[in-house]
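S.K.: My questions are about this predicted structure, shown below with the sequence.
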Amino acid sequence: MDEGRHHVRAPAPLRPAAPDSQKPRTRWSFNDPHVRALFYQAALLAAVAFVAWYFVSNTLRNLDERKIATGFAFLAREAGFEIGETSGFSYGAADTYLRALGIGLANTFRIAAVGVVLATILGTVLGLARLSRNWLIARLAAVYVEVMRNIPLLVQLFFWYTIISENLPGPKDALNPLPGLFLSNRGIAFPVLHYDPAQLWVLAALLVGAVIAWLLVSWAMRRQAATGEQFPALSVGLGTTLGLPLLVLLAVPHEIDRPELSGFNFIGGAAMTPEFAALLFGLVVYTAAFIAEIVRAGVLAVDRGQFEAAHALGLTRSRAMRLVILPQALRVIVPPMTSQYLNLTKNSSLAVAIGYPDLVSIANTTLNQTGQAIEGIAIIMLVYLSISLSISAFMNWYNRRVALKGARA
Amino acid sequence: MKRMIRLTLGIALLGAGAVHAQGTLDAVQKKGFVQCGVNVGLAGFSQPDSRGAWKGLDVDVCRAIAAAVFGDANKVRYTPTTAVQRFPALQSGEVDVLVRNTTWTVTRDTSLGLNFVGVNYYDGQGFMVPKKLNVKSAKQLNGATVCVQPGTTTELNLSDYFRANRMTFKPVVIEKLEEVLNAYYSGRCDVFTTDVSGLVSTRGSRPNPADHLILPEVISKEPLGPAVRHGDDRWFDIVKWSLYAMIEAEEMGLTSKNIDQAGASKDPAVQRFIGATGDFGKMLGVDNKWAFNIIKQVGNYGESFEANLKPLGFDRGINELWTKGGIMYAPPLR
């Protein structure tokens, strides 16, 4: 902008008719680049507003002409259809469309949350494996990455779904590899703890264990800083975090709810449906391949000298990786990782192809039962936009946290 | 991908301007063919044969409309639609008429902005189970896993039926017919539910039909018929009377074989039907020989049923003419 103004001022004295040349800048001329820029911007804005107005008003008129219902009043009406899995919420056909969409959203969140965590773990392991000095491990990881990221996700989803529903037996001859665990084409049924209020103490014990672990780690760090002596704080801390709740669990009532075959299906316990399993497998396996490459690139981006310096200080390979390389690599890793998380979340909408009742699937059913396609699509777009922006905001915050202090991201 | 299609439909609706104001008939005549929305593949109703030509009871209605408008039953282009895509396709103007074994309901007639012209197949919803499950009645299905397509009346009737009988079920909802059938045939579901016609057609076109049982309960009324958009009465009339001409012809005994000799008939009703007297074609805005062309090129309703559904093991049942104990009944052509 400063440069622009400079230009404006320079040619002013050269203007042929300049009786008022004392204050040339007050004149509004189309030759003035500043004015021109303003004009173009205003024109563009007006064009965008006109197009938006045209589409909205035209749509409303068309809908009205054809007497197609509009508005969001349908959200309060009874949905009338059942949903296969509800992520722990209660839902019945007598509930409203709004609640049905909420269940769809919960299902989307569930698959995205589990998927992001598992894909990150698998992707990191694969990325580091591809950097391994072990030839076989490195090659296997490379083959995995190249194969998985080059097969379309939809194909992979159909593949996993077919594997599960075609190859596993029916519930009556379910595989039973471990007591209480049943594999069938109805999904994976597994035992869970029967809920008892006294089990809340287990949660309390978990909290206490975690606090002890935290105190232990900070004490160990202080001691190491002061004396150089090391203490296996991490493993001992893990022991208290998990061990304490386990002891408490043995003390409180802990009846186990086992799945049992009754009629058509397993009753009791908990179950993972084939649709959820196939979608989760597909998303994790596919996204992990991309994450592996991001992790590998991040590690390679750290100067080799850092590794050699860590080595010279006597750090083992794994310690050097954990304490020196990865913290620096994270700065390169986090931004592209954000887009992978976004991709995974958005890709979860492919669920509709294999019958997992995610938001898109429920919204599709809704818009078809009510005939209000535009409202349905608007809801889908709005929800995905909010989810994506929230993930971005969180990851940007995290990125600022891991960025070099004082450096500008 | 499917989402993209639907989005495009939505956008088409956004952009659809004055095209519909001029009337569907004019638009159809201008482009030279009828764009007909059909099922992606339901044997006996709409399915491409080995040479890629569409065949079926629904397809014959499309052909009848083309015969009425152009005098040529082949001037049809088909748009295969899934259960979810069909209404946006019609609403947005992508198809001129939807003949896709679609149930006539009050919601669809009103808030979806459609007009059903009549019924070309009276159906009802049923259940199909593998025989090895040993289920003899739908009342024994408590706790079953049920495969169903989304966005259908089937999906809603299913919930109603189980609620009314105080039973529970787990739905597996997949949009593509092929995929949902794979889920049923692989054993992912205990039950597949859709209109009985769909069950018969599916069972007949898959291997080992004897291993599957259609349960005796028919849990709903499903009058299937062609639909057009609200607000175009002229087009509505043409589609409606194209269908009724087929039914009326069967009642009058006119077939594709004998209609050429009908000119010699002394029956004034026949004379009116073939357009020798009267001006029904002109009233509809098409050629006076419209009904003659339909029967000559497509055949009457009975012929269509015979050719498309009989080979799959369908019974005329209530789809027999009213004069023969069924409920197929066309208003008089006069």
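M.R.: Received the coordinates, thanks.

S.K.: buried sites along the lengthiest helix in chain B?
M.R.: Across chain B, the helix with the greatest residue count (assigned by DSSP state H) is helix B:233-252. Within helix B:233-252, the residues scored as buried using 16 or more other Cβ atoms under 10 Å in any protein chain shown are B:235-252. To be clear about C-beta, it is placed using only N, CA and C from the backbone, and glycine gets the same treatment.

S.K.: How about stretch B:156-168?
M.R.: The neighbour-count check on stretch B:156-168 (16+ other Cβ under 10 Å) flags B:Leu156, B:Asn157, B:Leu158, B:Ser159, B:Asp160, B:Tyr161, B:Phe162 as buried.

S.K.: do the same with stretch B:66-78
M.R.: Under the neighbour-count criterion of 16+ other Cβ under 10 Å, stretch B:66-78 has B:Ala66, B:Ala67, B:Ala68, B:Val69, B:Phe70, B:Gly71, B:Ala73, B:Lys75, B:Val76, B:Tyr78 buried.

S.K.: Please name the residues that touch the third one.
M.R.: In other words, B:Ala68. Each residue near B:Ala68 by Cβ atoms under 8 Å, 6 or more residues apart in numbering or on different chains is listed here: B:Ile238, B:Trp241, B:Ser242, B:Ala245, B:Leu284, B:Val286, B:Asp287, B:Trp290, B:Ala291, B:Asn293, B:Ile294.

S.K.: so what's B:Thr105 up against?
M.R.: Counting by Cβ under 8 Å, 6+ apart, B:Thr105 makes contact with B:Thr153.

S.K.: can you do 6 Å?
M.R.: Counting by Cβ atoms under 6 Å, 6 or more residues apart in numbering or on different chains, B:Thr105 touches no other residue.

S.K.: List phi and psi for it.
M.R.: For B:Thr105, the backbone dihedrals are phi -130, psi 170 (criterion: degrees, to the nearest 10).

S.K.: how near is it to chain A?
M.R.: 10 Å (Cβ to the nearest Cβ, to the nearest Å).

S.K.: same check, this time on B:Pro130
M.R.: Distance, B:Pro130 to chain A, by Cβ to the nearest Cβ: 9 Å.

S.K.: what's the pLDDT at that residue?
M.R.: For B:Pro130, the pLDDT comes out at 94.

S.K.: ok, how many other residues are close to it?
M.R.: B:Pro130 is flanked by 19 other residues according to other Cβ atoms under 10 Å in any protein chain shown.

S.K.: which ones are touching it?
M.R.: B:His212.

S.K.: Give the bridge partners for it, please.
M.R.: For B:Pro130, the beta-bridge partners are B:His212 (DSSP bridges).

S.K.: For chain A, what lies in contact range of chain B?
M.R.: For chain A, the residues found near chain B under the criterion Cβ under 6 Å from any Cβ of the partner chain are A:55, A:59, A:62, A:66-69, A:80-82, A:84, A:93, A:165-166, A:170, A:185, A:263-265, A:355, A:364-365, A:368, A:371, A:373-374, A:377.

S.K.: element containing B:Tyr184, please.
M.R.: Assigned by DSSP states H and E, B:Tyr184 belongs to helix B:177-185.

S.K.: near chain A, which residues of chain B?
M.R.: Counting by Cβ under 6 Å from any Cβ, chain B comes close to chain A at B:10, B:14, B:16, B:84, B:87-88, B:111-113, B:143-144, B:150-151, B:155-156, B:159, B:163, B:170-174, B:186-188, B:190, B:229-231.

S.K.: hmm, which of these are the buried ones?
M.R.: Among the residues of chain B next to chain A, the ones that count as buried by 16+ other Cβ under 10 Å are B:10, B:14, B:16, B:84, B:87-88, B:111-113, B:143-144, B:150-151, B:155-156, B:159, B:170-174, B:186-188, B:190, B:229-231.

S.K.: A:Gln224: how many residues sit nearby?
M.R.: Residues lying near A:Gln224 (other Cβ under 10 Å) number 13.

S.K.: Now it: closest residue in space, sequence neighbours ignored.
M.R.: A:Gln230 (5.8 Å; Cβ to Cβ, 6 or more residues apart in numbering or on different chains).

S.K.: Number of residues surrounding the one you found?
M.R.: As a burial measure, A:Gln230 scores 10 neighbours (other Cβ under 10 Å).

S.K.: cool, and the one 3 residues further on?
M.R.: Close neighbours of A:Ala233, defined as other Cβ under 10 Å, add up to 19.

S.K.: any idea how far B:Cys147 is from B:Leu177?
M.R.: For B:Leu177, the distance to B:Cys147 equals 10 Å [Cβ to Cβ, to the nearest Å].

S.K.: okay, these two: which has more neighbours?
M.R.: More crowded of B:Leu177 and B:Cys147, by other Cβ under 10 Å: B:Cys147, with 24 against 18.

S.K.: can I assume the more buried one sits in a strand?
M.R.: Yes: membership of B:Cys147 in a strand is supported by DSSP: H, G, I helix; E, B strand; the rest coil.

S.K.: ok, now which ones touch it?
M.R.: B:Val172, B:Val180, B:Ala183, B:Tyr184, B:Cys189, B:Phe192.

S.K.: Quick check: beta-bridge partners of it?
M.R.: B:Cys147 has these beta-bridge partners by DSSP bridges: B:Val172, B:Phe192.

S.K.: Quick one, grab the pLDDT at it.
M.R.: For B:Cys147, pLDDT reads 94.

S.K.: what's the answer for B:Arg166, then?
M.R.: What the model reports as pLDDT for B:Arg166 is 93.
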